[in-house]
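J.: okay, predicted coordinates and the sequence, questions at the end:
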Amino acid sequence: MYILASTQASNFVSGVDRAFLIILGICFFFLIGLTLTMVYFIYRYNRKKNPIATQITGSNTLEVVWTVIPTILVLIMFYYGWAGWKPMKTAPDDAFEIDVIARMWNFTFEYDNGRKTDTLFVPLNKPVKLNLNSMDVIHSLYIPAYRVKEDVVPGKEKFMWFIPEKEGTFELFCTEYCGLQHSYMYNWVKAVPQDEFDKWYTDTTAKVASATVDSPTAAGKRIMTNIGCFACHTVDGNKLVGPTFKGLYGHEVTVKAGGETKTVVADDEYIKNSILDPNSEIVDGYNKGLMQSYQGQLSDTEISQIIEYLKSLK
């Protein structure tokens, strides 16, 4: 079931909403008050009602009032904003940790037991800590229903945490413009009771079935889908951010390496090197630095399966 963002979905909702409503209320009060005052002044001091201008020398009392009151209101807004934000910066020691891998253009969630998903599964009423990692550019993970958002910066350790308090499915997406297909970074958070989560977390049936049923070609396609390859590369011959995969394997490719242009054959070694060290040989016509290394993220078996899939794209 889908839960609207207005529900009490996490422990941070009340604090953030309280700060928002207080600040919004103060802003509306002054917007309406100043607008009505301006309208009154236009009526009261127009040329017909006040033909001779009156010189006002000033008022110390008025100066003090409109200095002290706004200062107090700003401090009130700061207090509630700080009170809503400060708890977000310290995660409990017993929080359940999940690694988040952000790349152009998808989020992948990795659990301690090796499970990798596109949907974030979390247990109800238990602190959850998301360790945020970017493989390329700055992203920003935002869960509106939980009132949490944090930038994901390459090379910098970042995290967010929350306690899911409402069962259901909630939106999760990137709010930092990160390139051509930024809008593709749209996922879901699924909050379930602890026993249901434990059952899902320990269930390896899906993994076993996938490993035994998938052919190397199908497995390669599934891996490339999971790690976001098709966000930058096509399989129909069209150009995107990176070169197309169609007809790639076994054909000659013009690349730039070490300041020189050369022609190489797209064989197993070339593809493996393109995955693990993508900036060592750049296909002519494309820019360096658009793809990050998958060193340590893919096994030799997974790379072999990717190669088998590329072989099928005649």
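T.: That came through fine.
J.: show me where pLDDT drops low in this protein?
T.: For the chain, applying pLDDT under 70 flags the ranges 1-7, 204-214.
J.: for Tyr45, see how far away the residue lying farthest from the centre of it is.
T.: What lies farthest from the middle of the chain is Ile52; by CA atoms, centre = their mean that is 61.5 Å. In this view, Ile52 and Tyr45 are 11 Å apart by CB to CB, to the nearest Å. C-beta coordinates here come from the backbone N, C-alpha and C atoms, glycine included.
J.: and if you look at Tyr177?
T.: Tyr177 is 48 Å from Tyr45, by CB to CB.
J.: and stretch 177-196, how far from the chain's centre?
T.: Distance of stretch 177-196 from the chain centroid (CA atoms, centre = their mean, to the nearest Å) equals 8 Å.
J.: and the end-to-end length of that stretch?
T.: Using CA to CA, to the nearest Å, one end of stretch 177-196 lies 35 Å from the other.
J.: list the contacts of that stretch.
T.: 9, 102, 104-107, 118-126, 136-139, 143, 145-146, 164, 166-174, 176, 200, 231, 240-241 (CB atoms under 8 Å, 6 or more residues apart in numbering).
J.: then stretch 300-314?
T.: Under CB under 8 Å, 6+ apart, the answer for stretch 300-314 is 215-221, 223-224, 235, 245-250, 268, 271-272, 275-276, 298.
J.: same thing but at 10 Å, please
T.: Contact with stretch 300-314 is made by 211, 214-224, 226-227, 229, 235-237, 244-250, 266-272, 275-276, 294, 298-299, as judged by CB atoms under 10 Å, 6 or more residues apart in numbering.
J.: CA-only coordinates of that stretch in PDB, if you can.
T.: Below are the C-alpha coordinates for stretch 300-314, written out as PDB (Å, rounded to 0.1, in the frame of the first residue of the first chain):
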ATOM      1  CA  ASP A 300      35.400 -12.100 -12.200                       C
ATOM      2  CA  THR A 301      32.400 -14.400 -12.700                       C
ATOM      3  CA  GLU A 302      30.100 -11.400 -13.000                       C
ATOM      4  CA  ILE A 303      32.400  -9.700 -15.500                       C
ATOM      5  CA  SER A 304      32.500 -12.900 -17.600                       C
ATOM      6  CA  GLN A 305      28.600 -12.900 -17.600                       C
ATOM      7  CA  ILE A 306      28.600  -9.300 -18.800                       C
ATOM      8  CA  ILE A 307      30.900 -10.300 -21.600                       C
ATOM      9  CA  GLU A 308      28.700 -13.100 -22.600                       C
ATOM     10  CA  TYR A 309      25.700 -10.700 -22.800                       C
ATOM     11  CA  LEU A 310      27.700  -8.300 -24.900                       C
ATOM     12  CA  LYS A 311      28.600 -11.100 -27.300                       C
ATOM     13  CA  SER A 312      24.900 -11.600 -27.900                       C
ATOM     14  CA  LEU A 313      24.400  -8.000 -29.100                       C
ATOM     15  CA  LYS A 314      25.300  -8.600 -32.800                       C
END
